[in-house]
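>>> Let me see the structure of the following:
(chains A, B and C)
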Amino acid sequence: MTLKTEPFVLNFGPVHPSTHGVYRMRATLDGEVILDIEPVFGYLHRGIEKLAEERTYTGFIPLTDRLDYISSMSNNMAYCMAVEKLTGITVPERAEYLRVIIAELQRLANHCIAIGSFFNDAGAYFTPFLYMFREREKILDLFDMLSGQRLTYNYMRIGGFTQDIPDEFLPAVRKLLDTLPKFLDEYEFFIKENEVLLARAKGVGVLSREIAVNCGISGPVARASGIDWDLRKADPYSIYDRFEFDIPTCENGDCYDRYRVRFMEMRQSLRIIEQAVKDIPAGPVRSDVPHLVRPPAGEAYAHIESPKGELGFYVVSDDSIAPYRCHVRPTSLINLAALREMVRGWKVADLILIFGSIDICLGEVDR
Amino acid sequence: MKFERYGLGIIKGMIVTITHLLRHPTVSQYPEQRLNMSRRIRGNELIWSREKCTGCATCAKTCPQGAIEIVTSTNMADNRYEVEKYQVDTGYCIQCGLCVEACPYDALFMGYSYERAQYRRGDLVQANDQLLESPERPASGYFHPEIAGKLPEQTLLLEKIVEKKK
Amino acid sequence: MTIPDVYIASLPMGATPPDWPGGYWWHWLFFSVVLIAFLLVMVMAAIYIERRGMGRMQSRLGPNRAGPFGLLQPVADVIKVLLKENIVPDNADKIVHWLAPVIAFVPVAMIFAVVPFRDGAMLVDLDVGILYVIAASSIATIGVFMAGWGSSNKYSLLGAMRNVAAVVSYEIPLALSVIGTVLITGTMSLNGIVLAQDIPYILLQPLGFLIFFIAGCAEINRSPFDLMEADSELVAGFHTEYSGMKFALFYLVEYAEAIVISAIITTLFLSGWKGPWLPPWLWFIIKTLIVFFVMVWTRTTLPRVRIDQLMSLAWKFLFPLALINLFITAIQVLVWPDGLPWVAIIINIAIMVVLVVAWSKFFKLGWGRLEV
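Numbering: from 1, shown residues only, chains lettered A, B, ... in the order given. So this is what the prediction gives:
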């Protein structure tokens, strides 16, 4: 004789210690098992795409910082690449190398937060979180040296950068390349084989290849499901085809694999930075671009492999100093399309963990 | 999922945690120990130079937020603009630095200090002589390498772990 | 026979009751107050150790502003909590909501009545000391469940249900692992167990110690089993709707239970108050705080387990191991009736390693995905 139960709706409200931002989920539960989930977002909508029509091309760059505020340099880079494609400006060599170094440093910093908050959601009470944040502090100090701010950098411009790097930047990057691998080894020793983590994360929230391809998932989430797709190798932009690095993938597509892919990507980023720092040439960092950029009428789409996935900017211009339309392809929002499939049948504790392993940033989801 | 590794993973984790107990904490006690900020910091205020400013208002046009307000009048004798009011609403400013880059006459700098909180929102609006450079309001080296060369070096977490005051 | 006569009859051989003024009842009142004050001071030391120790292990400092080295931080916490407004939800069951913290706290304080601080120095020397301890520690669960029910909040009820399920499941391995020590000693009185430990029982009963430690951590909702108050899932579990002094009582209960379990582990496995030069009560306090530090250490390192994994751990891992431990201890007591020799230590440690490795290979921790 089975027990008659009744499903009830539990609201994981917008203000919650563990959703990464103001994101609301209404979960239909049967005891502890999740039957269905309904996401409600839009609590952080600021109208950035509409504001683009009222700012100049250069004046919009501080606003792109605030889209995915954890990895600001990537947003800057994608937008600048879109406008450069529209106007036909070429970026000097030194600026290209610097862009690669800065983008990979930003990938390291973003994965620090992604891995740290993944463990925080699993319940490890801030210890792995704080270890990762210590390393992120070192990277943020470097960015502070370059641009003057620690979170919203506004450092890239159309055609390159505002200012050249100071003299102490490259020696500091070399020192970081010496110390960070030892920290990564110690972190792996600390948490990789932890049985509680294996029991929590292995086999949980499996995303199959078919669903991932059908939903348009990109980034580490897709690579953990076995899809070998990385824009740096599949459609190389900037000067990524000159560097030698691997794309880590895993087969299962569960939470543990997503964490492993991010961790291995951190090591590959270190490889890229090492090669770039060795080969960087001298020269100008900004090509000759007028103060108010006025691209010819047309449209352009540029996409990069941001730390969270494929980030794209679609810019339409009508020969004036402000864009006619600027649309962002929001990585996090599209990665969330598969959340319902991943979560059904698991328990409440797994919902938080699976949601944290996708690694979204609400600034991108809501714009 | 099986209880793999027979408890060894837990023991490894505990070894790492206990070694951290014996290491220096990476902490600096804030009001007593202040770290040196970056030489290019875009601090919480703007520094204006009355001699060099010609009232062209390029900065006001470039600001994405519209935080700068300039009122000028003509001075026919010297054939130049007379700047009557130069007002910056530092509460509205997002410290992006586009105005500093836009000024053709090097009359505008970002501030070096970061502790500029006020009790009332009206106190954040600064005008005219409140914006001049003084020893309490040093200028930062953002976009001005000659000032950046004179400022103290930034403390990096890579270089040193700050001594704890205990 | 009156109560004072029972008390005098229960004293160990050769001990005389101290001739405090006032007779039996004043003696009892004075020492009850002293014990509760001792418990509160130990809780403050526990909070201090936890916050500073956890901070240092996370490469930051703990609180160090309130008083020199942050020693007055627990006092500052208590004052802050007392000054807060006492909010009771509208739909709450008033009496249940009010009684819950009280029922959660009183059994914890009651356990300290049988813990020995010195040879014969405890409030009452029961013959069934360890049974009393296990019985009293189960009553605190009723308080937690009343808190979850009386809050009229879905989150709290979910947390309280998990708590009841977990505590009831872990009572059994807890009780079984203690019986090993009782078999070796021959008496259930805690003072007797301490007196009989020439070799500390952690060496003679390593499997029992491990099971008691894990089951104890689970009983008191301590990490890695703290999903009852999982900060990152259900805001705060069963004490979400509490504020002011009632919340202070729940906070106190959490640390007081941790201290109590540490004290019981010290008496049963680490030979209580025995030790060289220092006075016995100081040894007792030091050992208790060391065991508590090990609990803080595991809290800092391990993530949280899920509810079904928690239950599997209790029923499929700890319970069979506790039974096997009991069986083997019984065989050893039969073979060596007058005290176990040194070689038993080696045998027991080898058996523990073999059993843990064998069981880890064969049992499955929790369910997978259910079909909906």
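>>> what's the nearest residue to the residue of the stretch 1-150 of chain A found nearest chain C if we skip its chain neighbours?
Nearest residue of the stretch 1-150 of chain A to chain C, counting by Cβ to the nearest Cβ: residue A:123, 2.7 Å away. C-beta coordinates here come from the backbone N, C-alpha and C atoms, glycine included. Nearest residue to residue A:123, sequence neighbours excluded (Cβ to Cβ, 6 or more residues apart in numbering or on different chains): residue C:304, at 2.7 Å.
>>> okay, now that neighbour: neighbour count?
Other residues lying near residue C:304 total 25 when counted by other Cβ atoms under 10 Å in any protein chain shown.
>>> Residue A:282 now?
Neighbour number of residue A:282 under other Cβ under 10 Å is 7.
>>> what about it, distance to chain B?
16 Å (Cβ to the nearest Cβ, to the nearest Å).
>>> got it, and residue C:226?
16 Å.
>>> ok, back up a step: could you check the pLDDT of the residue of the stretch 1-150 of chain A closest to chain C?
Listed pLDDT for residue A:123 reads 79.
>>> Now the phi/psi pair for the residue of the stretch 251-372 of chain C found nearest chain A, please.
At 2.7 Å from chain A, residue C:304 is the closest residue in the stretch 251-372 of chain C, using Cβ to the nearest Cβ. Phi and psi for residue C:304, reported as degrees, to the nearest 10, are phi -90, psi 150.
>>> Report the closest residue of the stretch 151-300 of chain A relative to chain B.
residue A:193 (3.4 Å).
>>> nearest residue to that residue other than its sequence neighbours?
residue B:9 (3.4 Å).
>>> In contact with that neighbour, which residues?
The contact partners of residue B:9, taken as Cβ atoms under 8 Å, 6 or more residues apart in numbering or on different chains, are A:192, A:193, A:194, A:195, A:197, A:198.
>>> mind putting these in CSV, neighbour count, pLDDT and distance to residue C:81 included?
Output for the contacts of residue B:9, formatted as CSV (neighbours: other Cβ atoms under 10 Å in any protein chain shown; pLDDT from 0 to 100; distance: Cβ to Cβ, whole Å):
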residue, neighbour count, pLDDT, distance to residue C:81
A:192, 16, 82, 40
A:193, 17, 80, 40
A:194, 27, 82, 34
A:195, 23, 80, 37
A:197, 25, 84, 34
A:198, 19, 83, 38
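>>> Am I right that residue A:206 sits in a helix?
No: per DSSP: H, G, I helix; E, B strand; the rest coil, residue A:206 lies outside any helix segment and is coil.
>>> centroid residue for chain B?
With distances taken as Cα atoms, centre = their mean, residue B:43 lies nearest the centre of chain B, 1.6 Å away.
>>> coming back round to it: now do the residue nearest to residue A:123 against residue A:200, distance only.
8 Å (Cβ to Cβ, to the nearest Å).
>>> same question, residue C:176
27 Å.
>>> Then residue A:219?
For residue A:219 relative to residue A:200 (Cβ to Cβ), the value is 22 Å.
>>> Would you mark the buried spots in the longest helix anywhere in chain B?
Longest helix in chain B by number of residues, with DSSP state H as the criterion: helix B:8-21. Applying a neighbour-count criterion of 16 or more other Cβ atoms under 10 Å in any protein chain shown, one finds B:9, B:10, B:12, B:13, B:14, B:16, B:17, B:20, B:21 buried in helix B:8-21.
>>> ok, now stretch C:148-167?
C:148-151, C:153, C:155-167.
>>> Can you tell me what sits against that stretch?
Stretch C:148-167 is contacted by residues A:8, A:10, A:32, A:348, C:89, C:91-93, C:96-97, C:100, C:138, C:141, C:144-145, C:147, C:218-219, C:221, C:225, C:227-230, C:234-242, C:307, C:310-311, C:314 when judged by Cβ under 8 Å, 6+ apart.
>>> Flag the shaky bits of the stretch 101-250 of chain C, pLDDT-wise.
C:120-121, C:155, C:228-237 (pLDDT under 70).
>>> ok, which stretches of it are helices?
Ranges of helices within the stretch 101-250 of chain C are C:129-150, C:154-185, C:190-195, C:201-204, C:206-219, C:245-269, based on DSSP state H, counting those that start in this stretch.
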